[in-house]
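Participant: The sequence and its predicted three-dimensional model are supplied below.
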Number of protein chains: 2
Amino acid sequence: MRFHSPAIQYFHAVRRTGSIRAAARGLNVASSAVSRQILKLEQEVGSPLFERNARGLTLTTVGEMLARHVMNVLQDLDRFRSDVASLSGTWHGTVSIACIESLTESVLPDLIASHRGRARRVSFTTEVMGSSGVLEALSRGEADIGIAIALRHPPDLRQVALKRFRLGALVAREHPLARRKTVTLAQCLAFPVINALPELSIYHLLQPLIAQLPETPEPAIQANSIDLMRELAARGVGVAFQTQLGVGRLSRDSQLVFLPLDNAGSPVWSDLGIYVRAERTLPAYTESFLQELVRELGERERRENAAYPQVA
Amino acid sequence: MRFHSPAIQYFHAVRRTGSIRAAARGLNVASSAVSRQILKLEQEVGSPLFERNARGLTLTTVGEMLARHVMNVLQDLDRFRSDVASLSGTWHGTVSIACIESLTESVLPDLIASHRGRARRVSFTTEVMGSSGVLEALSRGEADIGIAIALRHPPDLRQVALKRFRLGALVAREHPLARRKTVTLAQCLAFPVINALPELSIYHLLQPLIAQLPETPEPAIQANSIDLMRELAARGVGVAFQTQLGVGRLSRDSQLVFLPLDNAGSPVWSDLGIYVRAERTLPAYTESFLQELVRELGERERRENAAYPQVA
DNA sequence: CATGTTGCTGCCGTTTCGGCAACAGCTATA
DNA sequence: TATAGCTGTTGCCGAAACGGCAGCAACATG
């Protein structure tokens, strides 16, 4: 089922690899064939598509425009294929997800497991990265669904849903703060804290609030792994901060306690966005999983915000 | 700039014409070439795309799926072309509009004229048809922008905007009703009326209201042309019904008077929808005109609904 | 300076494409 | 019922496009 001219596919491969020879290797063809198709494309468009650096190729402005078109074509071809397959009862395909770390502890594994239970032929590829990386991966067509902190997103992406979760402190069961219902940032900073490094979005949520406090916090541990921070908190090393999303099981086993943050009387929100390329119709199986993801996150949002009292 | 395999374009032509030979004529190639490309496509998809009737070809279910994909590809190619062109300062292209008759008197000619004044290189194709025809033309990819009475639209279309205009009676200046501010349907039916035939949407707006009246109206003129109905009303033949959109100039010349309908104390609305294919990104010049169209219709909606009193 | 990489280009065999003419199947008309 | 006109399909063959091989110059890295 390859009814698009080779030029399209070759161009796509060259854009991804940034090199003609590398693309040729991946396509199992001679590099000369790839080179010629690119040259032919440039001749037909009437403008160079790549800048030839000595160490590979970079897209020109026109090249980026064509890349957008080619991505639309190939992604829609994918959707068409899945539509035809689903007509003959065969539902198969791969859902590719790019997300931030908060989802890996409970939300994503639960969802994928339950989905695979129903649709065995749908496989998954998930890649964990930073919020901006998620958006970029989506833009480059390297993922179908993205979950990230809701920043300003580029116009080629569409925000399917926006869910807010309360940011809270994570402490061991034996921690002095553990018996409270909520905590303020100042109360936490009286103890050793496990700070997020700037590459984590939690850093950018908390930093402005910390800056407002009169006292400078005592030296603390810094980390860039949500998982590590959680485990550290469980061992009583200090107070960690994250949304309750990343702490489902551990808190069920009662090793950890989650305390919603109270910032001058109001909660601290962490906004999670679900993103998709705008110029695209998803394959049925991807759309189906997306709906479940939105529903599940909405469910957790409702449940968690009901479980903890509003900070008057 | 034809970097898509001939099969795609041939398939598209065959779908439109419903015949291989007709498509071949339009493409200036031998019919055998077209036939082979279609056969090759069917082989690669693994399923027939057309049903061979003795008098031409009809799409199968899989064929319709491919048609959707091909339309997405070709329309997006169009957008890409316009993007490249606009990069070199050249803005040209054709905006294709399908709309109902109410727009032809004033809205569309005004807008097109003013737009061509600014962007001389953008040309227009407009086709007038019934509301359902507008939606079908859009679905088939035969128009870029559709304006129709806001019915339930198929999922492959997107309603860009929804504007409501008051339905009213149209009478000559000398008509006995002409001095009123508003009229009820019953008042109109005391005079000869010019009824719309079922192919016009006005019929479906008024019929349920007429059916509620106790008295059966006296025999009247029936027509399927908004223009004709307007001219008849101007000559004092009877009372016509339409939105004020279709009566801009004549009422300015004071030959006609527009009287908003009052139906048991509330206005009678005619909902106008602006539609676009959902799985599509419009070329810049089309998008630009679309924005103007939405703005202009919104402007008229505001102006007209302010010009006439609310029926308490 | 040597080595490895990059993209590009003749040369040539293979594949694909398209035009011509003929064929079978069907419909409408006489 | 016979004929004319349409439909899509199929061999045959020339032309165009494609792809592989080997070699080229340009540049980066050691």
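Facilitator: Okay, I see it. The structure presented is a predicted model; accordingly, all values stated were derived computationally and were not measured.
Participant: quick one: residue A:33 and residue A:25 touch, right?
Facilitator: No. Between residue A:33 and residue A:25 there is no contact under CB atoms under 8 Å: 12.0 Å. Bear in mind the C-beta positions are built from the backbone N, C-alpha and C, glycine included.
Participant: In chain A, what residue lies closest to DNA strand C?
Facilitator: DNA strand C sits closest to residue A:32 of chain A, with a gap of 2.9 Å, by CB to the nearest atom of the strand.
Participant: so that residue sits in a strand?
Facilitator: No. Counting by DSSP: H, G, I helix; E, B strand; the rest coil, residue A:32 is not found in a strand; it is helix.
Participant: Relative to residue A:140, how far out is it?
Facilitator: 27 Å (CB to CB, to the nearest Å).
Participant: any idea how far the helix or strand that contains residue A:207 is from the chain center?
Facilitator: Remark: residue A:207 resides in helix A:201-212, with elements defined by DSSP states H and E. Mean-position distance between helix A:201-212 and its chain equals 21 Å (CA atoms, centre = their mean, to the nearest Å).
Participant: Near chain B, which residues of chain A are found?
Facilitator: Neighbours of chain B within chain A, by CB under 8 Å from any CB of the partner chain: A:1-5, A:7-8, A:40-41, A:44-47, A:61-62, A:65-66, A:68-69, A:72-73, A:76-77, A:79-80, A:83-84, A:87, A:279, A:281.
Participant: ok, back up a step: list the buried ones in the helix holding residue A:207?
Facilitator: Judged by neighbour count (16 or more other CB atoms under 10 Å in any protein chain shown), helix A:201-212 contains these buried residues: A:201-203, A:205-206, A:209-210.
Participant: can you tell me the average pLDDT over it?
Facilitator: Mean pLDDT, helix A:201-212: 88.
Participant: list the helices and strands it packs on?
Facilitator: Packing partners of helix A:201-212 (3 or more CB pairs under 8 Å, 6 or more residues apart in numbering or on different chains; DSSP states H and E): strand A:157-172, helix A:185-189, strand A:193-196, strand A:239-243, strand A:269-277.
Participant: all helices in chain A, in order from the N-terminus.
Facilitator: Taking DSSP state H as the criterion, chain A carries its helices at A:6-17, A:20-27, A:31-45, A:61-87, A:107-118, A:131-139, A:185-189, A:201-212, A:226-234, A:248-252, A:284-307.
Participant: I'd like to check the angle between the third one and helix B:61-87, please.
Facilitator: To tie it back to what came earlier, the one meant is helix A:31-45. 70 degrees (axes from the mean of the first three to the mean of the last three CA atoms, to 10 degrees).
Participant: any residue of helix A:31-45 up close to DNA strand D?
Facilitator: Yes. Counting by CB under 7 Å from any atom of the strand, DNA strand D has neighbours in helix A:31-45: A:31-33, A:36-37, A:40.
Participant: go on, the first one?
Facilitator: Yes. Part of helix A:6-17 sits near DNA strand D under the criterion CB under 7 Å from any atom of the strand, namely A:6-7.
Participant: now that helix against helix A:61-87, angle please.
Facilitator: Using the same axes, to 10 degrees: helix A:6-17 against helix A:61-87 is 110 degrees.
Participant: Need the CA coordinates for helix A:6-17. PDB is fine.
Facilitator: Taking Å, rounded to 0.1, in the frame of the first residue of the first chain, the C-alpha atoms of helix A:6-17 are listed here in PDB:
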ATOM      1  CA  PRO A   6       9.000   7.900  -3.500                       C
ATOM      2  CA  ALA A   7      10.000  11.500  -3.400                       C
ATOM      3  CA  ILE A   8       7.600  12.200  -0.500                       C
ATOM      4  CA  GLN A   9       8.800   9.300   1.600                       C
ATOM      5  CA  TYR A  10      12.500  10.000   0.800                       C
ATOM      6  CA  PHE A  11      12.000  13.700   1.800                       C
ATOM      7  CA  HIS A  12      10.400  12.600   5.000                       C
ATOM      8  CA  ALA A  13      13.300  10.300   5.900                       C
ATOM      9  CA  VAL A  14      15.900  12.900   5.000                       C
ATOM     10  CA  ARG A  15      14.100  15.500   7.200                       C
ATOM     11  CA  ARG A  16      14.100  13.100  10.200                       C
ATOM     12  CA  THR A  17      17.700  11.900   9.900                       C
END
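Participant: Quick one: residues in contact with it.
Facilitator: A:2, A:20, A:23, A:26-27, A:33-34, A:37-38, A:40-41, A:49-50, A:57, A:59, A:63, A:66-67, A:70-71, A:73-74, A:140, B:3-4 (CB atoms under 8 Å, 6 or more residues apart in numbering or on different chains).
Participant: Please convert the buried members of the residues you listed into ChimeraX selection syntax.
Facilitator: Of the contacts of helix A:6-17, the buried ones can be selected in ChimeraX as follows, counting by 16+ other CB under 10 Å:
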select /A:20,23,27,34,37,38,41,49,50,57,59,63,66,67,70,71,73,74 /B:3,4
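Participant: now the residue nearest in space to the middle of chain A, nearest residue through space, not along the chain?
Facilitator: Of all residues in chain A, the one closest to the mean position by CA atoms, centre = their mean is residue A:99, 2.0 Å from it. Among residues not flanking residue A:99 along the chain, residue A:147 sits closest, at 3.9 Å (CB to CB, 6 or more residues apart in numbering or on different chains).
Participant: Would you mind naming what in the stretch 1-150 of chain A lies close to DNA strand C?
Facilitator: A:19-22, A:31-32, A:35-36, A:38-39, A:52, A:54-57.
Participant: just for chain A, where's the confidence low?
Facilitator: Along chain A, the model assigns pLDDT under 70 to residues A:216-219, A:248-254, A:308-312.
Participant: returning to that earlier point: state the distance from the residue of chain A closest to DNA strand C to residue A:38.
Facilitator: Counting by CB to CB - residue A:32 and residue A:38 are separated by 11 Å.
Participant: my read: residue A:185 touches residue A:206, true?
Facilitator: Yes. Counting by CB under 8 Å, residue A:185 does reach residue A:206; the two are 7.4 Å apart.
Participant: Give me the neighbour count for the residue of chain A closest to DNA strand C.
Facilitator: By the criterion of other CB atoms under 10 Å in any protein chain shown, residue A:32 has 11 neighbours.
Participant: Who's the closest spatial neighbour of the closest residue to DNA strand D within the stretch 101-250 of chain A, skipping the chain neighbours?
Facilitator: Proximity to DNA strand D, evaluated over the stretch 101-250 of chain A using CB to the nearest atom of the strand, is greatest for residue A:141 at 21.9 Å. Using CB to CB, 6+ apart and skipping residues adjacent in sequence, the residue nearest residue A:141 is residue A:71, 4.5 Å away.
Participant: Same question for residue A:294.
Facilitator: Residue A:294 sits nearest to residue A:161 (CB to CB, 6+ apart), 4.6 Å away.
Participant: Point out the residues in the stretch 1-150 of chain A that sit beside DNA strand D.
Facilitator: A:5-7, A:28-33, A:36-37, A:40, A:54-55.
Participant: By neighbour count, which of those wins?
Facilitator: residue A:37 leads these on contacts (other CB under 10 Å) with 22 neighbours.
Participant: Okay, domains of chain A per the record?
Facilitator: A:6-76, A:91-163+A:271-307, A:165-269 (automatic domain parsing).
Participant: distance between the longest one and the chain's centre?
Facilitator: Just to be clear, that refers to domain A:91-163+A:271-307. For domain A:91-163+A:271-307, the distance to the chain centre is 7 Å (CA atoms, centre = their mean).
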